[in-house]
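>>> Predicted structure and sequence below. I'll ask about it afterward.
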Amino acid sequence: MAKELKFVMLLDCYGDLLTDHQRSIMEMYYCEDLSLAEIGQPLEITRQAVRSIIKRTEEILLNYEEKLGFAARLGKMRECFGRIESAAEHITDEDIKNEITNDIKKVRELL
């Protein structure tokens, strides 16, 4: 998995455990694809300070994942539901097929 995608997933899982400042900087960097300078300017901090916050926060997120493993489990669940959805396409009974497809959509919304 690409490093950027990994940290986006980790932010999705553990972002609420970060400070508002950490989460905001990580979202600007990984989700909005802003440069260090673009992040630092409105916050009135140097690009080196932004980089330092990003590196420390990456370590925090990796530590959460190492201990809790929610992002890995979430990824595996999404894969399983994808396989179930693919298999449901081959069901000939439309009522059952629709029921399974609707249930999968509900579960994905919860993920």
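Nice, thanks for sending it over. Please read these numbers as outputs of a predicted model, since none were measured by experiment.

>>> hey, let's count contacts and neighbours off CA atoms from now on
Will do.

>>> Give me the helices and strands touching the longest helix along the chain, please.
Ranked by residue count, the top helix of the chain under DSSP state H comes out as helix 47-68. Packed against helix 47-68 by the contact rule (3 or more C-alpha pairs under 8 Å, 6 or more residues apart in numbering; DSSP states H and E) you find helix 3-14, helix 20-26, helix 36-43.

>>> hmm, who's touching the shortest one?
Put plainly, it is helix 20-26. Contacts to helix 20-26, defined as C-alpha atoms under 8 Å, 6 or more residues apart in numbering, come from residues 11, 15-16, 39, 50, 53-54, 57.

>>> and which of these is nearest to Cys80?
Within those, the smallest distance to Cys80 is 21.8 Å, found for Leu11 (C-alpha to C-alpha).

>>> mind checking pLDDT for that closest one?
We have a pLDDT of 96 for Leu11.

>>> I'd guessed it sits against Leu61; true?
Yes: counting by C-alpha atoms under 8 Å, Leu11 touches Leu61, with 7.4 Å between them.

>>> what's the overlap in contacts for the two?
By C-alpha under 8 Å, 6+ apart, no residue touches both Leu11 and Leu61.

>>> residues contacting Asp12?
Counting by C-alpha under 8 Å, 6+ apart, Asp12 touches no other residue.

>>> Would you check how far apart it and Glu44 are?
26 Å (C-alpha to C-alpha, to the nearest Å).

>>> go on, Met77?
Distance of Met77 to Glu44, computed by C-alpha to C-alpha: 41 Å.

>>> The two: who's more crowded?
Met77 (15 against 10; other C-alpha atoms under 10 Å).

>>> Among the contacts of helix 20-26, which one lies nearest to Asp33?
Nearest to Asp33 among these, with distances taken as C-alpha to C-alpha, is Ile39, at 9.7 Å.
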